[in-house]
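J.: fold the stuff below for me.
(chains A, B, C and D)
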2 protein chains.
Amino acid sequence: MRKMKEPAFKRAEPDARRQSLIEACARVLGRVGTAGASVRAIAQEAGVSPGLVNHYFDGVDALVAATYAHVDGMVTGALDAAVGEAGPDARDRLDAFVTASFAPGIADRQLLATWVAFWGLVTARPDIARQHDEQYAGFRERLEGLLAGCGVPASELRRAAIAVTALVDGLWLELCLSPGCFAVEEASGIARRFLDTIVPPRPA
Amino acid sequence: MRKMKEPAFKRAEPDARRQSLIEACARVLGRVGTAGASVRAIAQEAGVSPGLVNHYFDGVDALVAATYAHVDGMVTGALDAAVGEAGPDARDRLDAFVTASFAPGIADRQLLATWVAFWGLVTARPDIARQHDEQYAGFRERLEGLLAGCGVPASELRRAAIAVTALVDGLWLELCLSPGCFAVEEASGIARRFLDTIVPPRPA
DNA sequence: CAGCTTGTTGAACGAACGTACAACAAAAGG
DNA sequence: CCTTTTGTTGTACGTTCGTTCAACAAGCTG
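T.: Below you'll find the predicted structure:
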């Protein structure tokens, strides 16, 4: 029987390889936390050699930033999908948005690890702080659209979006950090009740 | 002129030394972030030799955990002081509590750095997760007391405390991460308005 | 099949890390 | 003043880190 010489490695398109490194980074962050997310650990998780990380990213920080952007995009996609499935009613769409924020896979400790790693860079790196500003503004803008659809007056739109974002983020954070403290249903119940206080009642 | 031989170092009581190391750790975390908070950097900040850190703490993680506990105690003290200065009215005291959460020195990026470093340990270390559970429960309990004083019924106390904590934490977090996005006054305004919706109106 | 392009490897390097420990000296007691 | 105690030092060790780069091979081209 002839021994087939297997290829030592497979080539990949730059974008695909970048993607696989990002996903490996997210997995490592979720498993061992910020401290253990070294170039070597991430490369091993992705099944490639350590040198490849520096070939695609300027150091671990840049990879973490890219991972944050990617995970943020995934979350945004999941929330948009939930809004899309909610039907035409504006309030139903808003409720779907906040409820999906606490769904399993979103309110997840492993996901939080990516956020925490990113926040850890904000303190010392102005460019990372700017990236956070932009993505946070994007999230708020999305929420402003949903709130406007529910009849929140334009003059209060900004304040309402900041408030809802803060409440959802705070609930999400504690849900990730202390999953046993309160249930997902409690979180979405609290958020919905809060929405009742800032959204005009729907016409009966 | 006789040259005085200055002492090469000064001894300190164990508690005082521990305290100075904790404060040095907080300063280093605030300046260079989680990644740069090494044993050597913290020891240099405290003006002592590197070996002393391991003499008082079982590694950097334990020091970070102790720093978190210390900073949490300082914040609690500041909030309690604000409540104490607020006078006898229950609602005034509650307002003082949440307003003080956004005061300069509390909503501070350097303070956030300690929190982020601590959160980074929660993912991988169950004992750290338990410590977070306890301190978070303590914060919530304190808030439940203030809410009860305002006439929030006992059956809703738990839910209300979770909600207020989440909103305050969410506002505090974004205030630290993106100080330019909205003002401190906006944050406390949002929080007070939220309190109006869960606290029974005071008797006129 | 030969040649070229380039994604990928893996070792090598210096720097920084956590840890341990023997030597030292400051403070206290006699 | 001498002895004891112990907080503190500073070095040394082994490990792990990020980074670099010459060599290699996979896959395309002709």
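
J.: so the lengthiest helix in chain A, near DNA strand C or not?
T.: With secondary structure taken from DSSP state H, chain A has its longest helix at helix A:59-84. No: using Cβ under 7 Å from any atom of the strand, helix A:59-84 never reaches DNA strand C; the gap is at least 12.7 Å. To be clear about C-beta, it is placed using only N, CA and C from the backbone, and glycine gets the same treatment.

J.: the helix or strand following that helix to helix A:59-84, inter-axis angle?
T.: Counting by DSSP states H and E, the next helix or strand C-terminal to helix A:59-84 is helix A:90-100. Relative orientation of helix A:90-100 versus helix A:59-84 (axes from the mean of the first three to the mean of the last three Cα atoms, to 10 degrees): 140 degrees.

J.: what does helix A:90-100 contact?
T.: For helix A:90-100, the external contacting residues (Cβ atoms under 8 Å, 6 or more residues apart in numbering or on different chains) are A:78-79, A:81-83, A:85-87, A:106, A:143, A:146-147, A:149-151, A:164, A:168, A:188, A:191-192, A:195, A:199, A:202.

J.: kindly report the same for stretch A:162-172.
T.: Stretch A:162-172 has contacts (Cβ under 8 Å, 6+ apart) with A:98, A:101-102, A:106-107, A:136, A:139-140, A:143, A:147, A:187, A:190-191, A:194-195, A:198, B:162-163, B:165-171, B:173-174, B:181-182, B:186, B:190, B:193-194.

J.: quick one: it to chain centroid distance?
T.: Mean-position distance between stretch A:162-172 and its chain equals 14 Å (Cα atoms, centre = their mean, to the nearest Å).

J.: just the mean pLDDT for that stretch, thanks.
T.: Averaging pLDDT along stretch A:162-172 yields 98.

J.: C-alpha coordinates for it, PDB please?
T.: Extracted as PDB, the C-alpha positions of stretch A:162-172 are listed here (Å, rounded to 0.1, in the frame of the first residue of the first chain):
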ATOM      1  CA  ILE A 162     -28.700  56.300  26.000                       C
ATOM      2  CA  ALA A 163     -30.900  55.100  28.800                       C
ATOM      3  CA  VAL A 164     -32.100  51.900  27.100                       C
ATOM      4  CA  THR A 165     -28.600  51.000  26.000                       C
ATOM      5  CA  ALA A 166     -27.300  51.500  29.500                       C
ATOM      6  CA  LEU A 167     -30.000  49.400  31.100                       C
ATOM      7  CA  VAL A 168     -29.600  46.600  28.500                       C
ATOM      8  CA  ASP A 169     -25.800  46.700  28.800                       C
ATOM      9  CA  GLY A 170     -26.000  46.700  32.600                       C
ATOM     10  CA  LEU A 171     -28.300  43.700  32.700                       C
ATOM     11  CA  TRP A 172     -26.300  41.900  30.000                       C
END
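
J.: distance check, A:Phe139 against DNA strand C.
T.: If you measure A:Phe139 against DNA strand C using Cβ to the nearest atom of the strand, to the nearest Å, the figure is 32 Å.
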